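A.B. asks: predicted model, plus sequence, below.
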Amino acid sequence: MASNTVTRANLTDAVYRSVGISRNESAAFVERVLEEVAGSLERGETVKISSFGTFSVRDKKLRMGRNPKTGEEVPIAPRRVVTFRASHVLKDRINEGHRSRKAAE
């Protein structure tokens, strides 16, 4: 299965083709959206994009882990992690596309 990655450049190009603004304006638009999402997450806010999903930040506590090579216990520092929960609309689109490909095989 080939792996394709969507990059900022791909998003910028998609905005350029869809909206018809210049490439520079498209790049600035994509950057602004990503900055707004990142800034909201940094502040601990939840970012909900309708029909797509919800990004949120979770605090993880200090816990003990184990070095797999030595078996030695080591503390894992407290940290914040970003989580994503897909909306049912996105899940349905993904599963419908998967069913269509399976039927074609």
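C.D. replies: Received, thanks. None of the values given here were measured: they were computed from a predicted structure.
A.B. asks: tell me the helix or strand right after the longest helix anywhere in the chain.
C.D. replies: The longest helix of the chain (DSSP state H) is helix 23-42. Counting by DSSP states H and E, the element after helix 23-42 in chain order, helix or strand, is strand 47-49.
A.B. asks: and that following strand, what other elements does it pack with?
C.D. replies: If you count contacts as 3 or more Cβ pairs under 8 Å, 6 or more residues apart in numbering; DSSP states H and E, strand 47-49 packs onto helix 23-42, strand 53-60. Any C-beta I mention is one placed from the backbone N, CA and C, and that applies to glycine too.
A.B. asks: where in the chain is pLDDT low?
C.D. replies: Scanning the chain for pLDDT under 70 picks out the ranges 1-3, 99-105.
A.B. asks: grab the most central residue of this protein for me.
C.D. replies: By Cα atoms, centre = their mean, the chain has its centre lying nearest to residue 84, at 6.6 Å.
A.B. asks: just checking, that one is part of a strand?
C.D. replies: Yes - assessed by DSSP: H, G, I helix; E, B strand; the rest coil, residue 84 belongs to a strand.
A.B. asks: now it: how far from residue 57?
C.D. replies: Relative to residue 57, residue 84 is positioned 11 Å away (Cβ to Cβ, to the nearest Å).
A.B. asks: residue 13 too?
C.D. replies: For residue 13, the distance to residue 57 equals 30 Å [Cβ to Cβ].
A.B. asks: and residue 4, by the same measure?
C.D. replies: Separation of residue 4 from residue 57 (Cβ to Cβ): 28 Å.
A.B. asks: the two: who's more crowded?
C.D. replies: residue 57 (16 against 6; other Cβ atoms under 10 Å).
A.B. asks: in the sheet, which residues pair with the more buried one? Tell me.
C.D. replies: Counting by DSSP bridges, residue 57 is bridged to residue 82.
A.B. asks: report the contact partners of it.
C.D. replies: Shown in contact with residue 57 (Cβ atoms under 8 Å, 6 or more residues apart in numbering): 41, 44, 46, 80-83.
A.B. asks: hang on, the earlier thing: residue 66: which of the helices and strands packed on strand 47-49 is closest?
C.D. replies: With respect to residue 66, and counting by Cβ to Cβ, the nearest of these is strand 53-60 at 16.6 Å.
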